[in-house]
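Peer 1: quick one: sequence plus predicted model below, questions after.
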Amino acid sequence: MTKPMAKLERWAVVDSIASQSFRELQPGQHLTGYIPGGANLPNAKFIYTSVIIHADVVRGVVETLNTLYELGKPSEEYRVWDEERRRSTAA
């Protein structure tokens, strides 16, 4: 069975919907973000995904239980958090 693919914008990685902190993009976590609107759905829709099964960081594709997500731009808050995390692990 082929999984549907959706574009995800302003995304972030969290461990739960109630989480106040970000996580590294890896299996076992969840994504939050916006599915851009289209002709039939003009407004972006906020989503919280099922658990991440596989993350291909190079291709920017994340697989969850039911869907493949093509990652667009991360949220500004997540981007800043990820840059700080990378700097602190490189030091």
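Peer 2: Great, that's in hand.
Peer 1: doesn't Ile35 make contact with Gly72?
Peer 2: No - using CB atoms under 8 Å as the test, Gly72 is too far from Ile35 to be in contact (10.0 Å). In short, each C-beta sits where N, CA and C put it, glycine included.
Peer 1: and those two? Which one has more around it.
Peer 2: Ile35 (18 against 15; other CB atoms under 10 Å).
Peer 1: so for Gly72 and Ile35, which residues contact both of them?
Peer 2: Lys7, Leu8, Glu9 (CB atoms under 8 Å, 6 or more residues apart in numbering).
Peer 1: what packs against the one helix or strand the first one maps to?
Peer 2: So the one you mean is Lys7. Applying DSSP states H and E as the criterion places Lys7 in strand 5-14. Packing partners of strand 5-14 (3 or more CB pairs under 8 Å, 6 or more residues apart in numbering; DSSP states H and E): strand 30-35, strand 68-71, helix 76-90.
Peer 1: tell me which residues are up against that strand.
Peer 2: Here strand 5-14 has contacts from 21-26, 29-36, 44, 47, 52, 61-62, 67-75, 77-78, using CB under 8 Å, 6+ apart.
Peer 1: what's the angle between that strand and helix 76-90?
Peer 2: 60 degrees (axes from the mean of the first three to the mean of the last three CA atoms, to 10 degrees).
Peer 1: from the chain's centre, how far out does strand 5-14 sit?
Peer 2: In terms of CA atoms, centre = their mean, to the nearest Å, the centre of strand 5-14 is found 3 Å from the chain centre.
Peer 1: what do you get for stretch 17-32?
Peer 2: With CA atoms, centre = their mean, you get 8 Å for stretch 17-32.
Peer 1: buried set for stretch 26-42?
Peer 2: Buried residues in stretch 26-42, defined by neighbour count with 16 or more other CB atoms under 10 Å: Gln29, His30, Leu31, Thr32, Gly33, Tyr34, Ile35, Pro36.
Peer 1: closest to Arg87 out of the residues you listed?
Peer 2: Gln29 (20.9 Å; CB to CB).
Peer 1: contacting residues for the closest one?
Peer 2: Val13, Val14, Asp15, Arg23, Val51, Ile52 are the contacts of Gln29 under CB under 8 Å, 6+ apart.
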